[in-house]
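Undergrad: sequence first, then the predicted structure, then my questions.
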Amino acid sequence: MAVIGTAPDEEVRLLPPMLPINLIPRRESYHCRPRAEASSAQSEASSSASSSTSQLSSSYTSSNSGSSNRALLTMPKIGSIPLKIGMGGTIYFGAAPCKAVALWPFGGRLRAPLDTPKVSKRILIMMSNTGGGHKASADAIKAAFQEKYGDDYDVLIEDIWKDHTPAPFNRVPDTYSFMVRHAFLWWFSYVVMQPRWVHSPYLRLVHSLVSKRLNTAFNELRPDLVVSVHPLMQHVPIRVMKSRIRSGLSQPINFATVVTDFTTCHNTWFHPEATRCFVPTEYCKQLAVQNGLKEPQIVLHGLPIRPIFSKPLPTKKMMKKALGLNTSLPAILLVGGGEGMGKLEDTVDQIAEKLGSSCQVVVVCGRNKRLLQRLSEKRYTSGMPVTATGFIDNIHEYMHASDAIITKAGPGTIAEALISGLPILLNGNVPCQEEGNIPYVVENGVGAFETRPPKIANILASWLSPLEREEFVLKAERSKALGRPEAVYKIVQDLATLAHVPDFQWGTAKAAVEAGRVPQPTIATSVSC
């Protein structure tokens, strides 16, 4: 290999022979690498290199300098000739850069070698931005790991479909958004894919088309535990993991599913070869059994909600004051989701007409800037105070300050409202997927369901009337009793154990037994975490 450059005070940096310069990693490849992994992994240079480089060993180094990440390949000096190759594949010669020729005909990303030492157990959480609930659950699990264990675990959240599969599968989030806007399409696809005899062969076909890219992802990420918080991330990843374990490409590791739907769970959530399946309700547990999971594989803890919801807060009156709300009026929280969708403005108008100045309304408009502007400029003749806000990260404070909530039937928001002890008025749902959450709220006596704004206003007026005041208070108490603020911590504790001990009796690690890599199956035991 030709060596270009001279800068005596610089360390020589050189690509090993036959390594393509166009494979030098982009910055985003390093979002998951702990800083401690910057230690070099040594490897011998190819014997086919030129005589000036044949005795030198190359090392791959990922380092942080200030706020910028650099990935460089380092070698000792060749005599007095130094060389540095930067992120873009540029060879620097003093102050003058010149482009090197690619040594391989194809491009791609290169991450740290598989034998780079890891300083902590790595947990891969697979999600997809098909609605905000899956990402919220993944974030909650990661936050609880950080709070409970600090840096002992390296938790990665990856949108597997978008970032690690080829087209058209990498467009799954966009497809979801389109189908939800056209309810019949979503209903049709949900119902058609529900039977196992339909979705199993379909997902086997998907596996054959995406397994190569997923193998690359597992090589790069090197997890000690894989966790799914999405219904479409059981069948395909489990097949890939089992194949890797059987062939010796991976050590035996566990696979866990964390179900993020309350009741109406699609059958793709449940795979008999998941090591553990964490469910939020008894009804979900029964569905898991019906889909082939055994009792030891199923754990009922609740829905994982951000740890901040379990922290103590000031009194409701003090929180209202801190948020600039009227401390003497009941507050109704109206949530439209991340996109601020739904009949929010009509609902506010009807509440103002029906209840007048006897209550106040807080509207979370999400990313709907037009709605936020209209509500901020609007003045109601009834004198009802209206506070409009955009996308916020302190929804737990607004829930604590409120006396009731109006929201669609998303499981995450329902779980947060239960922890906050709020009566819940559901005003919409995603077909099939969220329909089961409606009877869960109504039959447990914590709320009601109504989609028409005038009727919503009537229900609120009834709740806040002196005649039903006692029942309204009971709704809040029942809601608080149903909440499971400790669920995320229990899930995280169990996941920490699974990251340490392969369970050869259930799940993906059993593939090592089937391949004869583990002589005798052993049952996973508890590890102090």
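TA: Ah, there it is.
Undergrad: in the chain, where's the longest helix?
TA: The longest helix of the chain (DSSP state H) is helix 196-221.
Undergrad: skip ahead from it and say which helix or strand is next.
TA: Using DSSP states H and E, the helix or strand that follows helix 196-221 in sequence is strand 225-228.
Undergrad: put the alpha carbons of the helix or strand just after that following strand into CSV.
TA: Per DSSP H and E, the first helix or strand lying C-terminal to strand 225-228 is helix 235-247. Taking Å, rounded to 0.1, in the frame of the first residue of the first chain, the C-alpha atoms of helix 235-247 are listed here in CSV:
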residue,chain,number,x,y,z
HIS,A,235,-41.1,-13.9,14.9
VAL,A,236,-38.3,-12.5,12.6
PRO,A,237,-35.7,-11.6,15.2
ILE,A,238,-36.2,-14.9,17.1
ARG,A,239,-35.6,-16.9,13.9
VAL,A,240,-32.4,-14.8,13.2
MET,A,241,-31.2,-15.2,16.8
LYS,A,242,-31.8,-19.0,16.9
SER,A,243,-29.9,-19.4,13.7
ARG,A,244,-27.0,-17.4,15.0
ILE,A,245,-26.9,-19.3,18.2
ARG,A,246,-27.1,-22.7,16.5
SER,A,247,-24.2,-21.9,14.1
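Undergrad: and the angle for helix 235-247 with helix 196-221?
TA: 60 degrees (axes from the mean of the first three to the mean of the last three C-alpha atoms, to 10 degrees).
Undergrad: give me the helices and strands touching helix 235-247, please.
TA: Judged by 3 or more C-beta pairs under 8 Å, 6 or more residues apart in numbering; DSSP states H and E, the packing partners of helix 235-247 are helix 196-221, strand 225-228, strand 254-258, helix 510-514. For glycine as for every other residue, the C-beta is placed from the backbone atoms N, C-alpha and C.
Undergrad: which parts of the longest helix of the chain are buried?
TA: Using 16 or more other C-beta atoms under 10 Å as the test for burial, helix 196-221 gives 199, 203, 206-207, 210-211, 213-215, 217-218, 220-221.
Undergrad: list the contacts of the helix or strand hosting His396.
TA: Taking DSSP H and E as the criterion, His396 maps to helix 395-401. The contact list for helix 395-401 (C-beta atoms under 8 Å, 6 or more residues apart in numbering) reads 306, 308-309, 313, 316, 319-320, 322-323, 325, 331, 333, 335, 362, 364, 389, 392, 405, 416-417, 420, 422.
Undergrad: any of these buried? List them.
TA: By neighbour count, with 16+ other C-beta under 10 Å, these hold 306, 308-309, 313, 316, 319-320, 323, 325, 331, 333, 335, 362, 364, 389, 405, 416-417, 420, 422 as buried.
Undergrad: for the longest helix of the chain, packing partners?
TA: If contacts are counted by 3+ C-beta pairs under 8 Å, 6+ apart, helix 196-221 sits against strand 153-159, helix 160-164, helix 235-247.
Undergrad: now it, how far from the centre of its chain.
TA: Mean-position distance between helix 196-221 and its chain equals 19 Å (C-alpha atoms, centre = their mean, to the nearest Å).
Undergrad: any weak-confidence spans in the stretch 1-150 of the chain?
TA: Scanning the stretch 1-150 of the chain for pLDDT under 70 picks out 1-119, 130-132.
Undergrad: confirm that Ala496 sits in a helix.
TA: Yes - checked against DSSP: H, G, I helix; E, B strand; the rest coil, Ala496 lies within a helix.
Undergrad: domain map for this structure?
TA: Using automatic domain parsing, the domains assigned to the chain come out as 1-117, 121-305+488-514, 313-482.
Undergrad: first-to-last residue distance for the longest one?
TA: Spelled out, that is domain 121-305+488-514. Here the two ends of domain 121-305+488-514 are set 25 Å apart, with distance taken as C-alpha to C-alpha, to the nearest Å.
Undergrad: doesn't Ala331 make contact with Met319?
TA: No - Met319 lies out of contact with Ala331 (C-beta atoms under 8 Å); the separation is 9.6 Å.
Undergrad: for stretch 373-381, list the C-alpha coordinates in PDB.
TA: Taking Å, rounded to 0.1, in the frame of the first residue of the first chain, the C-alpha atoms of stretch 373-381 are listed here in PDB:
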ATOM      1  CA  GLN A 373     -52.100  29.200  17.700                       C
ATOM      2  CA  ARG A 374     -55.900  29.200  17.300                       C
ATOM      3  CA  LEU A 375     -56.500  28.100  20.900                       C
ATOM      4  CA  SER A 376     -54.000  30.600  22.300                       C
ATOM      5  CA  GLU A 377     -55.700  33.500  20.500                       C
ATOM      6  CA  LYS A 378     -59.200  32.400  21.300                       C
ATOM      7  CA  ARG A 379     -61.300  34.000  24.000                       C
ATOM      8  CA  TYR A 380     -64.400  32.400  25.300                       C
ATOM      9  CA  THR A 381     -67.400  34.600  26.200                       C
END
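Undergrad: name the surrounding residues that touch that stretch.
TA: Glu345, Val348, Ala352, Val363, Cys365, Val386, Ala388.
Undergrad: show the contacting residues for the last one.
TA: Just to be clear, that refers to Ala388. Val362, Val363, Cys365, Leu371, Leu372, Leu375, Ser376.
Undergrad: using CSV, lay out these together with distance to Val488, secondary structure and pLDDT.
TA: Rendered in CSV, the data for the contacts of Ala388 read as follows (distance: C-beta to C-beta, whole Å; DSSP: H, G, I helix; E, B strand; the rest coil; pLDDT from 0 to 100):
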residue, distance to Val488, secondary structure, pLDDT
Val362, 25, strand, 97
Val363, 28, strand, 95
Cys365, 27, coil, 89
Leu371, 31, helix, 89
Leu372, 30, helix, 91
Leu375, 33, helix, 90
Ser376, 34, helix, 89
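Undergrad: the longest helix of the chain vs strand 153-159, what angle?
TA: Angle, helix 196-221 to strand 153-159, by the same axes, to 10 degrees: 130 degrees.
Undergrad: residue ranges with poor pLDDT in the stretch 401-529 of the chain?
TA: Applying pLDDT under 70 to the stretch 401-529 of the chain flags residues 519-529.
Undergrad: mind listing the helices for it?
TA: Using DSSP state H, counting those that start in this stretch, the helices of the stretch 401-529 of the chain run over residues 411-419, 437-443, 453-464, 469-482, 487-500, 510-514.
Undergrad: how about the second one: buried residues?
TA: I take that to be helix 437-443. Neighbour counts over helix 437-443 (16+ other C-beta under 10 Å) mark Asn437, Ile438, Tyr440, Val441 as buried.
Undergrad: so which of these comes closest to Pro296?
TA: Nearest to Pro296 among these is Tyr440, at 26.1 Å by C-beta to C-beta.
Undergrad: hang on, that closest one packs against Thr281?
TA: Yes - Tyr440 lies in contact with Thr281 (C-beta under 8 Å); the separation is 7.3 Å.
Undergrad: what do the two both touch?
TA: Phe262, Thr263.
Undergrad: adding distance to Thr165, write the helices and strands packed on helix 235-247 out as a markdown table.
TA: Conversion of the helices and strands packed on helix 235-247 to a markdown table gives the following (distance: least, C-beta to C-beta, whole Å):
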| stretch | distance to Thr165 |
| --- | --- |
| helix 196-221 | 4 |
| strand 225-228 | 15 |
| strand 254-258 | 18 |
| helix 510-514 | 22 |
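Undergrad: before I go, just wanted to say thanks for your time.
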